[in-house]
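Participant: no FASTA, just this:
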């Protein structure tokens, strides 16, 4: 593990990093995170999936409601269909463990039905949001746990391109929806990637009140992202251009402009 | 750190735990997580906040959009108001570090305005969801980082009781909203708490397709949660009764039934 100062310089860029403070091996592990999109076929040791889910279940969950679930998908036919939905991301077919994290209020719905009662608080946007946050906290624990076992990961937000189709493939009941997928496996040689620089800490961390004067932070970050992009054989674009490319057109949403109506149809009224 | 089998038994209950698999100190740390609601006044070492934010920024973020921010709140008057919004949670005033995590698309909005363009993808529910998930992944890294430094934490979802008021206190621009708060500090003596049991893994982890036949898992879990609750001087209720109490009435939502209209007013059209 790199020492604190070196790890911070990698994450923020030399000269842009905060001063090194308290440190641990776990923090060094998190600072060294890279998303990996190419995997060896090698399976992790038996029990790895269960360990990752135990770590995930150990994350905080709002009022202990545990409004999330996860589906481990092995079947090659299902993997292939999920890869297509996600815009032909081949690593979904390649990785030894593929997980779909669900926002899941259906368990509470079953509980209420079995107890002969109704849950007045369920149909609200708040309940969907709690479920999505529960899923995210759980998944991030699984990611850090995986990385502590020398495994790599990448989140697959593109499953939201068509939550209806994913829900159908996984046989989800009403009140459960995919929020993202997660590939887990050993990075293929040469696919380990490089730590991606982030915005200067001053752009993200505010003191007492929000400081919207961040144009200078963006100006400092743009060339760092352009260099990172060139080194990693991407477009060589600045962060500014990449944000505009990602959010500037309806086409780039890949159908996610219809997410709301699809969630409502999947049993989240979002009141 | 407890060994794998012991840590799993604590988390799931003896006899309900999965078999021990691969393991690491980081996983042991995550398995031992407890939410803490009583803090010593002692400040963590200088640089702790910056280290936690560096860990948070190292989490994955959708398309590197980095649509989250965090506000560190020290002012006692602001802390006191936040504590009231959250239903008089005194630990918000007590903990040495208090953070408010934001779903924040305002930075992209400023970027677009400064570049003389518009981001067609911004007004959708998808963009709010991405921002909330970004904030959650970041926050969970901060939590695990804090725990690796012998600090404790508790999420404060109750800031969503009134996002409008919190946004006003923190001077948030349109397109930024609190998603939750986070207390960080050293647990007060006797307030370290006990590892809270979770649902059996088979209730959360599905294989290939969703298995909704989970009434037996709930029946097995209910007495474990009732015992935990009795030991920790709470109501001694089963999980079933607690879920119904939390979601069964509109009153228990504490105003969060109005979250959607408040988010729209804060600059998230949720199309």
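Facilitator: The structure has been received and is ready for your questions. As the structure is a computational prediction, the values presented were derived from the model and not from experiment.

Participant: what's the spacing between the nearest residue to residue A:220 once chain neighbours are set aside and residue A:222?
Facilitator: Nearest residue to residue A:220, sequence neighbours excluded (CB to CB, 6 or more residues apart in numbering or on different chains): residue A:200, at 6.0 Å. Quick note: C-beta positions are derived from backbone N, CA and C, even for glycine. From residue A:200 across to residue A:222, the span is 11 Å (CB to CB, to the nearest Å).

Participant: quick one, which of these two is more surrounded?
Facilitator: More crowded of residue A:200 and residue A:222, by other CB atoms under 10 Å in any protein chain shown: residue A:200, with 21 against 16.

Participant: these two touch, right, the more buried one and residue A:16?
Facilitator: Yes. Counting by CB atoms under 8 Å, residue A:200 does reach residue A:16; the two are 5.4 Å apart.

Participant: what ranges do the strands span in chain A?
Facilitator: Along chain A, the stretches classed as strands by DSSP state E are A:68-72, A:97-104, A:152-156, A:176-185, A:205-207.

Participant: Could you pull up the mean pLDDT of the third one?
Facilitator: The predicted model gives strand A:152-156 an average pLDDT of 98.

Participant: Would you mind pulling up the elements that it packs against?
Facilitator: Judged by 3 or more CB pairs under 8 Å, 6 or more residues apart in numbering or on different chains; DSSP states H and E, the packing partners of strand A:152-156 are helix A:125-148, strand A:176-185.

Participant: Quick one: residues in contact with stretch A:19-33.
Facilitator: Stretch A:19-33 is contacted by residues A:1-5, A:7-8, A:10-11, A:143-144, A:147-148, A:195, B:25-26, B:29, B:44-51, B:54-55, B:58-60, B:141, B:144-145, B:148-149 when judged by CB atoms under 8 Å, 6 or more residues apart in numbering or on different chains.

Participant: Please point out which parts of it sit buried.
Facilitator: Using 16 or more other CB atoms under 10 Å in any protein chain shown as the test for burial, stretch A:19-33 gives A:20, A:21, A:22, A:23, A:24, A:26, A:27, A:28, A:29, A:30, A:31, A:33.

Participant: That stretch: end-to-end distance?
Facilitator: End-to-end distance for stretch A:19-33: 19 Å, by CA to CA, to the nearest Å.

Participant: Please parse chain A into its domains.
Facilitator: A:1-32, A:33-265 (automatic domain parsing).

Participant: could the ones you listed go into JSON lines alongside distance to residue B:237?
Facilitator: Compiled in JSON lines, these are given as follows (distance: least, CB to CB, whole Å):
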{"stretch": "domain A:1-32", "distance to residue B:237": "34"}
{"stretch": "domain A:33-265", "distance to residue B:237": "11"}
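
Participant: Can you give me the neighbour number for residue A:227?
Facilitator: By the criterion of other CB under 10 Å, residue A:227 has 14 neighbours.

Participant: follow-up on the earlier one: which phi and psi does the residue nearest to residue A:220 have?
Facilitator: Per-residue torsions, residue A:200: phi -50, psi 150 (degrees, to the nearest 10).

Participant: can you pull the contacts of it?
Facilitator: A:12, A:16, A:217, A:220, A:221.

Participant: Now for residue A:153: which residues touch it?
Facilitator: Applying CB under 8 Å, 6+ apart to residue A:153 gives the contacts A:35, A:36, A:142, A:143, A:146, A:147, A:182, A:183, A:184, B:60.

Participant: what's the closest non-adjacent residue to it?
Facilitator: residue A:143 (4.9 Å).

Participant: I'd like the distance between the one you found and residue B:26.
Facilitator: 11 Å.

Participant: rewinding a little: quick check, nearest of the contacts of residue A:153 to residue A:101?
Facilitator: Using CB to CB, residue A:182 comes nearest to residue A:101 of the contacts of residue A:153, at 6.5 Å.

Participant: residue closest to the middle of chain A?
Facilitator: What sits nearest the mean C-alpha location of chain A, by CA atoms, centre = their mean, is residue A:155, with 4.1 Å.

Participant: mind checking how far it is from residue B:46?
Facilitator: According to CB to CB, residue A:155 and residue B:46 sit 33 Å apart.

Participant: again with residue A:23
Facilitator: For residue A:23, the distance to residue B:46 equals 13 Å [CB to CB].
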